[in-house]
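[1] Okay, here's the prediction I keep looking at, along with the sequence it came from:
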Amino acid sequence: MTKWKIQKKYIKIALIALGVIILALFFSYMLEHQEQVKDWTKVMKHAIFPIMAGSILAYLLNPILNFFERNLFAPLGNKIFKKNEKKGKKFSRVCGITCTLVVFFVMLVGGIYMVAPQVYQSVVKIVTEAPTYYENVNGWINDISKDNPELGRYLVPALDRIYNQALTYVNEDILPNMDKIVAGVTSGIVGGVKMLLNVVVAVIVSVYVMSEKEILISVFKKLTYSLFSVKDANAVVRGARYANQVFGGFINGKIIDSFIIGVLCYIFMVCVDFHYPVLISMIIGVTNVIPYFGPFIGAIPSILILLMMDFKQGLIFGIFVLVLQQIDGNIIGPLILGDRLKISSMWILFAILIGGGFFGIPGMILGAPCFACIYAMVSTFCKVKLEQKELPLTTADYLLIDQISIEKEVEQESEEKAE
């Protein structure tokens, strides 16, 4: 018996060593053939992108599908196919997916049709009226200089320098390279066609994922229980279920919340007749998806645009954004999102900073739910270990603890050795 244990130990060490050697050879090959690895990575990205995009789209559309199935087509299918439950489920799934795609395309095409032309007109107007903005800002600086000559001495040269640099960039970098820009636009059109094809494939993939979602979940559970012990597999399934609740609730809730904020901003700007209502409302709504920093990221350029048009509009809009974010943070956000992440604001802030530092905007959006899942996993692990040691589970209990007696741990170790 002892001999077999020793052999098994050596076999395990040999397998680990073999794995390390294989990984070392693999990384060595990657370093020696970086160009080939880059080409292979590009091919893999193009191949995997439609599948990933389709899976993400199916995940986001799943709540809409569930709504149609549970409230409309499942009862209807049960009435039509009373004697055949499979046909009833198939009928409700097909009708639910069809209605979900109709809602998605209506929102997508309608949003593009309504927003894109006005955004384009706003951008063109901003570019063509750049000299007017310069004159307005120059007028403000002159007014400031009358009361504060020292401040004006710094602001006027700074404004002239920025304006001259912009003109130099247009005259020396953009205009002489129009042939390259045209060629870039042509290649961009080809890339746009490829992107359109990828979108079509992604939509097709999303249809298959939505139609076979129960099978995919069953396959995941089957693989999990085949690879791990029952106890560990149960933990993995619970973790996946928790991650689904966190990500699904947070992302869908944040999209709805940001849409409401964008609509409220648009209504306000139209009522008070501010410039560029569609463009600025879209900026405010899209950036609001990012927790904490999103409102500031969207508000700063929006306020600057309005300040260049009219100082009073920029000031009023800044006050409105502050009020709107207070309403969102205290009323709209908690009502829609609730406490889905179940972590403190400090941890959310850290997650956003770390996620944004490594992965940019996507990291800022997904950093908080990812950290919430990691936090829950670590908390569960700590809870299990503390229960085994018969120690307090509540974090607040450790604030006043100087040290814990080791007598109980020594007794437990002696009992384990005796057994």
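    That came through, no problem.
[2] Which secondary structure element is home to Ala233?
    Taking DSSP states H and E as the criterion, Ala233 maps to helix 230-271.
[3] Show me what that helix packs onto, helices and strands only.
    Here helix 230-271 touches helix 34-68, helix 213-227, helix 277-287, helix 311-327, helix 333-337, helix 345-388, going by 3 or more C-beta pairs under 8 Å, 6 or more residues apart in numbering; DSSP states H and E. Quick note: C-beta positions are derived from backbone N, CA and C, even for glycine.
[4] Distance from it to the middle of the chain?
    From the chain centre to the centre of helix 230-271 is a distance of 10 Å (C-alpha atoms, centre = their mean, to the nearest Å).
[5] average model confidence for it?
    Across helix 230-271, the average pLDDT comes to 87.
[6] tilt between it and helix 311-327?
    Inter-element angle recorded for helix 230-271 and helix 311-327: 150 degrees (by axes from the mean of the first three to the mean of the last three C-alpha atoms, to 10 degrees).
[7] Tell me where the model's unsure across the chain.
    Residue ranges of the chain with pLDDT under 70: 1-9, 119, 123, 126-127, 129-131, 133-193, 337-340, 406-419.
[8] rerun that using 50 as the cut-off
    Low-confidence segments of the chain (pLDDT under 50): 1-5, 178, 181-182, 185-186, 188, 410.
[9] next one: stretch 291-307 to chain centre, how far?
    19 Å.
[10] quick one: contacts of it?
    Applying C-beta atoms under 8 Å, 6 or more residues apart in numbering, the external contacts of stretch 291-307 come out as 126, 254, 274-276, 279-280, 283-288, 290, 313-315, 317-318, 321, 325, 328, 348-349, 352, 356, 364-365, 368.
[11] Now list the buried members of those residues.
    Buried members of the contacts of stretch 291-307, scored by 16 or more other C-beta atoms under 10 Å, are 126, 254, 274-276, 279-280, 283-288, 290, 313-314, 317-318, 321, 325, 328, 348, 352, 356, 364-365, 368.
[12] The helices and strands packed on helix 230-271: which one's closest to Ala243?
    helix 345-388 (4.8 Å; C-beta to C-beta).
[13] Which strands and helices lie in contact with that closest one?
    If you count contacts as 3+ C-beta pairs under 8 Å, 6+ apart, helix 345-388 packs onto helix 230-271.
[14] Helix 34-68 and the helix it packs on, what's the angle between them?
    80 degrees.
[15] quick check: angle from helix 230-271 to helix 277-287?
    Computed by the same axes, to 10 degrees, the angle separating helix 230-271 from helix 277-287 equals 160 degrees.
[16] need the contact list for Met352.
    No Met there; residue 352 is Ile. By C-beta under 8 Å, 6+ apart, the residues touching Ile352 are Ile290, Pro291, Tyr292, Phe293, Met364, Gly367, Ala368.
[17] Not including adjacent chain positions, what is the nearest residue to the fifth one?
    Okay, so that is Met364. Gly356 (4.0 Å; C-beta to C-beta, 6 or more residues apart in numbering).
[18] Return the residues in contact with that neighbour.
    By C-beta under 8 Å, 6+ apart, Gly356 lies in contact with Phe293, Gly363, Met364, Gly367.
[19] Just confirm the third one contacts Ile290, I think it does.
    Yes - counting by C-beta atoms under 8 Å, a contact exists between Met364 and Ile290, whose distance comes to 4.8 Å.
[20] now the helices for the stretch 51-200 of the chain?
    Under the criterion DSSP state H, counting those that start in this stretch, helices of the stretch 51-200 of the chain are mapped to 74-80, 85-128, 130-147, 149-168, 178-211.
[21] Determine the angle, from 0 to 180 degrees, between the longest one and helix 34-68.
    It refers to helix 85-128. Using the same axes, to 10 degrees, helix 85-128 lies at 120 degrees relative to helix 34-68.
[22] Which elements pack onto helix 85-128?
    helix 34-68, helix 74-80, helix 178-211, helix 277-287.
[23] Give me whichever of those is most buried.
    Highest mean neighbour count of those: helix 277-287, a mean of 22 (counted as mean count of other C-beta atoms under 10 Å).
[24] what element comes up after it heading to the C-terminus?
    Following helix 277-287 in sequence, per DSSP H and E, is helix 294-309.
[25] Just say helix, strand or coil for Asp273.
    Here Asp273 takes the coil state, with states given by DSSP: H, G, I helix; E, B strand; the rest coil.
[26] how many neighbours does it have?
    Asp273 has 8 neighbours, counted by other C-beta atoms under 10 Å.
[27] again, but for Ser258
    21.
[28] Can you name the residues that contact Ala233?
    Ala233 sits next to Thr224, Tyr225, Leu227 when contact means C-beta under 8 Å, 6+ apart.
[29] ok, Asn62 to Ile97 distance?
    Separation of Asn62 from Ile97 (C-beta to C-beta, to the nearest Å): 10 Å.
[30] er, Pro301 I mean
    According to C-beta to C-beta, Pro301 and Ile97 sit 39 Å apart.
[31] Looking at these two, which is more packed in?
    Per other C-beta under 10 Å, whichever of Pro301 and Ile97 has more neighbours is Ile97, with 22 against 12.
[32] check contacts around the more buried one.
    Leu65, Val207, Met210, Ser211.
[33] what's the answer for Phe220, then?
    Listed by C-beta under 8 Å, 6+ apart, the contact set of Phe220 reads Ala240.
[34] Could you report the neighbour count for Leu216?
    Leu216 has 13 nearby residues by other C-beta under 10 Å.
[35] Pull up the gap between it and Ser55, please.
    For Leu216, the distance to Ser55 equals 9 Å [C-beta to C-beta].
[36] And Asn66, by the same measure?
    To Ser55, Asn66 is 17 Å away according to C-beta to C-beta.
[37] okay, and the common contacts of Asn62 and Ile97?
    Residues touching both Asn62 and Ile97 (C-beta under 8 Å, 6+ apart): Met210.
[38] Helix, strand, or coil at Ser405?
    From three-state DSSP, the assignment for Ser405 is coil.
[39] Could you report the distance from it to Glu212?
    Relative to Glu212, Ser405 is positioned 56 Å away (C-beta to C-beta).
[40] Show me which of the two is the more surrounded one.
    A direct count of neighbours by other C-beta under 10 Å for Ser405 and Glu212 places Glu212 higher, at 14 against 7.
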